[in-house]
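[1] sequence first, predicted model second:
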Amino acid sequence: MKWPRVPRRTFLRMGGVVLALPMLEAMAPLGRANQSQRPVKRFVCLTNNYGVYPQAFFPDPRHTGAGYTMPETLAPLEPHRSNITLFSHLDHGNTGGHQGVPVLLSGVRPVNAAAYPEGNISVDQKIAEWVGAEVRFPALTLHVNEANLVSFTRTGVQVPSIDLRQLYRALFIDEPTAKKATAKQHMQRHRSILDVVREEADSLSKRLGKQDQRKFAEYLDSVRSLEKKIGLQQPWVDKPKPSPRGAEPAAGRGTVADMEAMIELIALAIQTDSTRAVTLAAGFANGDFGLGGSYHGFSHHGQREKEVAALKLIERGQIARMARLIELLKAQADPLSGGTLLDHTAILFGCGMATGEHSTRNLPLILAGGGFRHGEHQVFPDDPSRRVPAANLLLSILRNHGLELDRFGTSTGTLTGLETKA
């Protein structure tokens, strides 16, 4: 018997109460069960701004493939060994210490963006452009006690991030009716202004020389892009959000508890199909793990025993949160694509600066889930003349996501050896 399809955005309405239903198999688009169609993909990046203590993070480079010993910092990932791939000797070829931090998800330094067709757009924002209005939040940019510096639009604008409480409200709390009406008025006003700009632009363009016409055409492209974004946002204003899961969290203090709560909200955002791309920058709160001092201070450890021990505790805590996200997504069936949510969610842990001592060589990078074949430590050439750009990993993630690209940022191709499951 063929059961009737149920619209994805289905709600129960009674007595003035609106209750959003969870994702059900009957809500999957027609034909989604057909394996010839691409599954719905998601992407999550977990990062920090200080890199790692490499001696406790990287496996022995002589131990490649599946036969590596799990390093001390990565011990929380041991139960998920078959779901992760570790990489050695990938980087973006940058120098400049902290200037490498914003380059993580593009491979392109902001100052060099003009030399690339898509500037320094980051992986999450590239996915957001591709997803469009399929979900309420094409991408979410988040932080816990650390500035999120890795998300950039194609025009080079750094995307502002939100904290734990703001994420909860964005996901689950509907705006008051009056505020929705104001939002719609603002959108309509912007569209009216854009209509006028477009009409004036057409008239002005005819009076310009060829060089000016090219520059003006680029400007008009940005206007059309803004107009499109406003049009895509408008239908979501009146659509109820999923029902709240638990009480609203207190104002964040950047603690481990906040980080744990943030990871659970990310899992819920994916489970409710509220977003398809997430970046989270996480830091360290003074007092966590019984430590006193600054994360930045610990990162400049100078091989001093006390600072190194503190740094390893902090970084192991960050990896434990990655392990928790893997666990949560592995436990949830994916009603849109079959399998589990982890099967269709690529989780990248990485840093644009390799160590707190300002090295940008050999970036700490771990990939989990997403439909890739995992379970190995992949070691690439350490020789600078034969280096493999980390942007090849980014391109592999985007192609796995469904984007048909030949290049992304500073990539030279997809990453050899990173295969997807049949």
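    Received, thanks.

[2] show me where the protein has its helices.
    Listed in chain order, the helices of the chain (DSSP state H) span 123-131, 164-172, 177-205, 210-233, 256-271, 295-299, 305-330, 391-401.

[3] those: lowest mean pLDDT?
    With a mean of 54, helix 177-205 has the lowest mean pLDDT of the helices of the chain.

[4] so how far is residue 412 from the residue nearest to residue 104 when sequence neighbours are not counted?
    In space, residue 104 comes closest to residue 352 once its chain neighbours are excluded; the distance is 3.6 Å by Cβ to Cβ, 6 or more residues apart in numbering. Any C-beta I mention is one placed from the backbone N, CA and C, and that applies to glycine too. As judged by Cβ to Cβ, to the nearest Å, residue 352 and residue 412 stand 19 Å apart.

[5] one more: residue 208?
    38 Å.

[6] residue 163 now?
    37 Å.

[7] again, but for residue 148
    Taken as Cβ to Cβ, the span from residue 148 to residue 412 is 28 Å.

[8] same check, this time on residue 312
    34 Å.

[9] so those two - more neighbours on which side?
    Between residue 312 and residue 412, counted using other Cβ atoms under 10 Å, the more crowded position is residue 312 (20 against 11).

[10] what's near enough to touch the more buried one?
    53, 56, 72-73 (Cβ atoms under 8 Å, 6 or more residues apart in numbering).

[11] mind redoing it with 6 Å?
    Contacts for residue 312 (Cβ atoms under 6 Å, 6 or more residues apart in numbering) come out as 53, 56, 73.

[12] which one of the residues you listed is nearest to residue 44?
    residue 73 (19.4 Å; Cβ to Cβ).

[13] outline the domain layout of the protein.
    With domains defined by automatic domain parsing, the chain comprises 31-174+251-401, 175-239.

[14] I'd like the ones you listed as TSV, with distance to residue 407 appended.
    Formatted as TSV, these follow (distance: least, Cβ to Cβ, whole Å):
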stretch	distance to residue 407
domain 31-174+251-401	7
domain 175-239	20
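
[15] most tightly packed of these?
    Highest mean neighbour count of the domains of the chain: domain 31-174+251-401, a mean of 19 (counted as mean count of other Cβ atoms under 10 Å).

[16] measure the residue lying closest to residue 145 once chain neighbours are set aside to residue 285 for me?
    Nearest residue to residue 145, sequence neighbours excluded (Cβ to Cβ, 6+ apart): residue 254, at 2.5 Å. Counting by Cβ to Cβ, the gap from residue 254 to residue 285 is 4 Å.

[17] now residue 93
    Taken as Cβ to Cβ, the span from residue 93 to residue 285 is 33 Å.

[18] cool, residue 369 as well?
    Relative to residue 285, and taking Cβ to Cβ, residue 369 is found at 28 Å.

[19] model confidence over stretch 139-147, on average?
    Stretch 139-147 shows a mean pLDDT of 93.

[20] what residues does that stretch touch?
    By Cβ under 6 Å, 6+ apart, stretch 139-147 touches 49, 124, 128, 148, 151, 159, 161, 167, 254, 258-259, 262, 275, 277-283, 285.

[21] gap between the two ends of it?
    Stretch 139-147 has its terminal residues 17 Å apart, counting by Cα to Cα, to the nearest Å.

[22] kindly report the same for stretch 86-96.
    Note: stretch 86-96 ends 25 Å apart using Cα to Cα.

[23] again with stretch 77-91
    Taking Cα to Cα, stretch 77-91 runs 22 Å from one end to the other.

[24] gap between that stretch and the chain center?
    Put simply, stretch 77-91 sits 18 Å off its chain's centre (Cα atoms, centre = their mean, to the nearest Å).

[25] ok so, going back, correct me if wrong: the residue nearest to residue 104 contacts residue 99.
    No - Residue 352 is beyond contact range of residue 99, at 8.7 Å (criterion: Cβ atoms under 6 Å).

[26] how near is the most far-flung residue of the chain relative to its centre to residue 358?
    No residue in the chain sits farther from the centre than residue 207, which is 43.7 Å out by Cα atoms, centre = their mean. Per Cβ to Cβ, residue 207 is found 52 Å from residue 358.

[27] before we move on, what about residue 106?
    On the measure of Cβ to Cβ, residue 106 and residue 358 end up 20 Å apart.

[28] residues contacting residue 352?
    Contacts here follow Cβ under 6 Å, 6+ apart; on that basis residue 352 touches 100-101, 103-104.

[29] give me the pLDDT value at it.
    On the pLDDT scale, residue 352 is placed at 95.

[30] returning to what we had before: the residue nearest to residue 145 against residue 286, yeah?
    No - contact criterion Cβ under 6 Å: residue 254 and residue 286 do not qualify, at 8.8 Å.

[31] for residue 145, see how far away the nearest residue to residue 53 once chain neighbours are set aside is.
    Nearest non-adjacent residue to residue 53, counting by Cβ to Cβ, 6+ apart: residue 311, 4.8 Å away. Using Cβ to Cβ, residue 311 is found at 16 Å from residue 145.

[32] could you do residue 40 as well?
    The gap separating residue 40 from residue 145 is 31 Å, by Cβ to Cβ.

[33] for the nearest residue to residue 78 once chain neighbours are set aside, what are phi and psi?
    Take residue 78 and drop its neighbours on the chain: the residue closest to it by Cβ to Cβ, 6+ apart is residue 70, 5.0 Å away. Main-chain dihedrals, residue 70, degrees, to the nearest 10: phi -70, psi 120.

[34] residue 76 is in contact with residue 70, correct?
    No - with contact defined as Cβ under 6 Å, residue 70 does not count as touching residue 76 (9.4 Å).

[35] is it true that residue 119 touches residue 110?
    No - assessed by Cβ under 6 Å, residue 119 is found out of contact with residue 110, at 8.5 Å.

[36] shared neighbours of these two, which are they?
    Contact criterion Cβ under 6 Å, 6+ apart; residues shared by residue 119 and residue 110: residue 156.
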